[in-house]
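Participant: Structure for this input, please:
(chains A, B, C and D)
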There are 4 protein chains.
Amino acid sequence: MQKVPEVYAEVSISVRYAETDQMGVAYHAHYFTWFNVARDELLKKMGIDISYGEKLGYLMPVIEASCSYKLSARYADELIIRARSEFTTVARLIVHYEIYRKKDKRLLATGKTINILMTKKGKILLRIPKEFEDILRRKD
Amino acid sequence: MQKVPEVYAEVSISVRYAETDQMGVAYHAHYFTWFNVARDELLKKMGIDISYGEKLGYLMPVIEASCSYKLSARYADELIIRARSEFTTVARLIVHYEIYRKKDKRLLATGKTINILMTKKGKILLRIPKEFEDILRRKD
Amino acid sequence: MQKVPEVYAEVSISVRYAETDQMGVAYHAHYFTWFNVARDELLKKMGIDISYGEKLGYLMPVIEASCSYKLSARYADELIIRARSEFTTVARLIVHYEIYRKKDKRLLATGKTINILMTKKGKILLRIPKEFEDILRRKD
Amino acid sequence: MQKVPEVYAEVSISVRYAETDQMGVAYHAHYFTWFNVARDELLKKMGIDISYGEKLGYLMPVIEASCSYKLSARYADELIIRARSEFTTVARLIVHYEIYRKKDKRLLATGKTINILMTKKGKILLRIPKEFEDILRRKD
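Facilitator: This next block holds a predicted model:
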C-alpha cells in the first residue's frame, strides 16, 4: 500500500435466506458485507494476507463506506461483485464496487469504501511499514 | 411524506458481542443496522407504522446509504444514535445520523440514508398515496 | 414432504470477515446460517423451491435448531457443510449437518434442525398440500 | 466459574428490521444472538467482564447451543430474554433461556447454551485460573 496499485477482483455469491428481510429482498446492510468479500479477494491479489497483518499488529479499518441501490437483490439470486482499487500514493485503500445479477447482467448496486492502515494501538500510518512491504514482495 | 418534515429521534443501543469482528471492534456494516433502528424511531414519531404500510402494499427501500467512521465502537459500548430527517417536498426520506459513545460523548460516526416509497410491484411513488396520508393524520 | 426422503446435499462456503467476532473465530450463531445454506441446497434437490412455496402461501419455519461446536472456524477458512434429511412420513423436515474444514478434513461442528410446514395464517400442516405435491412431481 | 452458581438475568430487546426475513418473522439464528445478550448480563452479575478476561488470555467459547421455537417473534416486538445459569462445580457455564413477548407474556422460545473456559492457545480449563478468581472476588 506504499503506492496502492489499481487491481481488479471479482467474486460471486448467492443471496442467503438469512440475508433477506420482511420486504422480501436482501437487507441493505449486507451489501457492505458482500463488498468486503470482494475487497478481501482484491487484497489477496495484492499479496496481502489480512490475518497475518493483524498478527503483526496492523489493522485496516474501514473509514468510509457508501452504497447506491438500483435494483433489489433477492433470495437465491446469484450475484457478481466487482471490486477495483483506486491508485493512491499513501497507505489508504480506496475501492469501487459494482454488484451484478448473474442471470440478466443487470447492475443492482454500486459502492465505495476507504480503508486506512493503523497499528493495534490506534496510530494511523501514512506509509506502509517495512516488514509489511517485505511480505508484499515475498509473494512473487 | 407528502412534505417530509424535519423530525428528530434518538435511540440508545449497547454493542453486542455478535457485532464485533476479529479486529476487536464493531463490524462496520452494523452501523447501518443501528441507523435503521434510529430511523424507525423517527418514522414512529412521524406516525408511520412500517409493518402496517407494508400490509397496505407500500415499501420504503433504502436507495442510498453512507457512513463515515471516526472512532471504533467496541463490545458493550453504550451508543446513542441520533437521526434527523431533512425537509423535502417529495415522497423521499432523507435522514442524517450521528453515533455517540455515551460515557465520553465522543462522536464515533456520521451517516446518511435515503429511502423511497414504492408499491410492492416496484412502482416508485413521488407523492404519498391518500390512504397512507389518512394513517398519518389518524395518529393524533 | 408427504414422505420426506433421505436426501443428501453438500455446499462449501468461505468464512467471511463479517462472520468473525473479537475472540478471533467465526461467531457461533452463523453456523445456523450456514446450515440453512446447505438445507436450501437439500430442498432444491427434493425439487422444492422455497420462494415459490411462499408465493403459494406455505412457510417452512424452523422449530428446533441445535449445534455442537468442536473446533473453531476462522476467517477465510473453506468449509464444507453436509446436510442429510431424515426419512419421515409427516410434513416435517429433519436435517442433520456436519461442518468440515476443507484443508485438513477436520470436523468442526455437527447440528440438527427441524422445519415444519404451515400456511401464512399459521396453520400447521401434517400432510403436504396437493398443489405442493404437484410442484414436486413436476420437477422430473 | 470454580463453582458456577445459579444466577438469573433478564434483558429486553426490540426486534430490529434487520433481523426479519422474507417469511416476515425474525430469522431463527438471531435468537442465539439474543441469548448471548442475556448471557452477558448474567456474566456481569457474576462479576465477569468478558473483554477483561480476553485481555488476560481467557476465552469462553460456546460448545453447545440449542433453541426450540414456539411462536414467531416479529419486527418491533418487544421481547424479554430470561437467562438462568445451572449450578456446576467445573469451569463450564450452562445457561437456560426463555424468550417472552412483552405485550401478552407469551413464551416464544426456550434454549440452552454451554460455554467452556479456554486459553487463547486452545487449552481447555477445568478449573478457573487464580488471577481470574481474584477478579471475581474484587467485584464486591
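
Participant: Extract the residue ranges of chain A that are flagged as low pLDDT.
Facilitator: Along chain A, the parts satisfying pLDDT under 70 run over A:1-2, A:134-140.

Participant: Can you report how many residues lie near residue A:92?
Facilitator: Neighbours of residue A:92 under the rule other Cβ atoms under 10 Å in any protein chain shown: 18. The C-beta positions use only the backbone N, C-alpha and C, and glycine is treated the same way.

Participant: residues from chain A in reach of chain B?
Facilitator: A:22-23, A:25, A:28-30, A:32-33, A:36, A:51, A:54, A:59, A:61-70, A:72 (Cβ under 8 Å from any Cβ of the partner chain).

Participant: Repeat the analysis, applying 6 Å as the threshold.
Facilitator: By the rule Cβ under 6 Å from any Cβ of the partner chain, the part of chain A lying against chain B is A:23, A:28-29, A:32-33, A:59, A:62-69.

Participant: Chain C next: which of the residues you listed are close?
Facilitator: residue A:33.

Participant: The helix or strand harbouring residue A:68 vs strand B:62-69, what angle?
Facilitator: Per DSSP states H and E, residue A:68 falls inside strand A:62-69. For strand A:62-69 against strand B:62-69, the angle by axes from the mean of the first three to the mean of the last three Cα atoms, to 10 degrees is 170 degrees.

Participant: so what strands line up beside strand A:62-69?
Facilitator: Looking at strand A:62-69 with DSSP bridges, its partner strands are strand A:107-119 (antiparallel), strand B:62-69 (antiparallel).

Participant: Any residue of the helix or strand just after it touching chain C?
Facilitator: The helix or strand immediately downstream of strand A:62-69 is strand A:78-85, counting by DSSP H and E. No: counting by Cβ under 6 Å from any Cβ, chain C has no neighbours in strand A:78-85; the shortest distance is 12.1 Å.

Participant: got the strands paired with strand A:62-69 as a markdown table, with mean neighbour count columns?
Facilitator: Below are the strands paired with strand A:62-69 laid out as a markdown table (neighbours: other Cβ atoms under 10 Å in any protein chain shown):
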| stretch | mean neighbour count |
| --- | --- |
| strand A:107-119 | 19 |
| strand B:62-69 | 20 |
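
Participant: For chain A, which residues are neighbours of chain D?
Facilitator: A:18, A:20-22, A:24, A:27, A:75.

Participant: Helix, strand, or coil at the most centrally placed residue in chain A?
Facilitator: Closest residue to the average C-alpha location of chain A: residue A:39 at 2.3 Å, with Cα atoms, centre = their mean. Secondary structure state of residue A:39, per DSSP: H, G, I helix; E, B strand; the rest coil, is helix.

Participant: And it, how far from chain D?
Facilitator: As judged by Cβ to the nearest Cβ, to the nearest Å, residue A:39 and chain D stand 21 Å apart.

Participant: Check residue A:105 too.
Facilitator: From residue A:105 to chain D the distance is 24 Å (Cβ to the nearest Cβ).

Participant: count of residues packed around that residue?
Facilitator: By other Cβ under 10 Å, the residues close to residue A:105 number 8.

Participant: Relative to chain C, how far out is it?
Facilitator: 21 Å.

Participant: May I ask which helix or strand encompasses residue A:22?
Facilitator: Element membership of residue A:22, judged by DSSP H and E, is empty: it is in no helix or strand.

Participant: Run a quick check on it versus residue D:20, I expect a contact.
Facilitator: Yes: assessed by Cβ atoms under 6 Å, residue A:22 is found in contact with residue D:20 at 3.9 Å.

Participant: so who does residue A:28 touch?
Facilitator: Residues counted as contacts of residue A:28 (Cβ atoms under 6 Å, 6 or more residues apart in numbering or on different chains) are B:62, B:65.

Participant: Skip the chain neighbours and tell me the closest residue to residue A:57.
Facilitator: residue A:120 (4.9 Å; Cβ to Cβ, 6 or more residues apart in numbering or on different chains).

Participant: Please report the distance of the one you found from chain C.
Facilitator: 13 Å.

Participant: And residue A:59, by the same measure?
Facilitator: Separation of residue A:59 from chain C (Cβ to the nearest Cβ): 12 Å.

Participant: Quick check: bridge partners of that residue?
Facilitator: residue A:118.

Participant: That one against residue A:116, yeah?
Facilitator: No: look at residue A:59 against residue A:116 with Cβ under 6 Å: they stay out of range, at 8.8 Å.

Participant: Between residue A:22 and residue D:20, which contacts overlap?
Facilitator: Joint contacts of residue A:22 and residue D:20 (Cβ under 6 Å, 6+ apart) are residue D:75.

Participant: Against the centre of chain A, work out the most remote residue.
Facilitator: Distance to centre of chain A, Cα atoms, centre = their mean, peaks at residue A:22 (26.9 Å).

Participant: sorry, back to before: okay if I get the residues of chain A next to chain D as JSON lines plus distance to chain C?
Facilitator: Putting these into JSON lines (distance: Cβ to the nearest Cβ, whole Å) gives the following:
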{"residue": "A:18", "distance to chain C": "4"}
{"residue": "A:20", "distance to chain C": "9"}
{"residue": "A:21", "distance to chain C": "14"}
{"residue": "A:22", "distance to chain C": "12"}
{"residue": "A:24", "distance to chain C": "9"}
{"residue": "A:27", "distance to chain C": "13"}
{"residue": "A:75", "distance to chain C": "6"}
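
Participant: And the furthest pair within the residues you listed?
Facilitator: Comparing all pairs in the residues of chain A next to chain D by Cβ to Cβ, the longest separation belongs to A:18 and A:24, at 14.1 Å.
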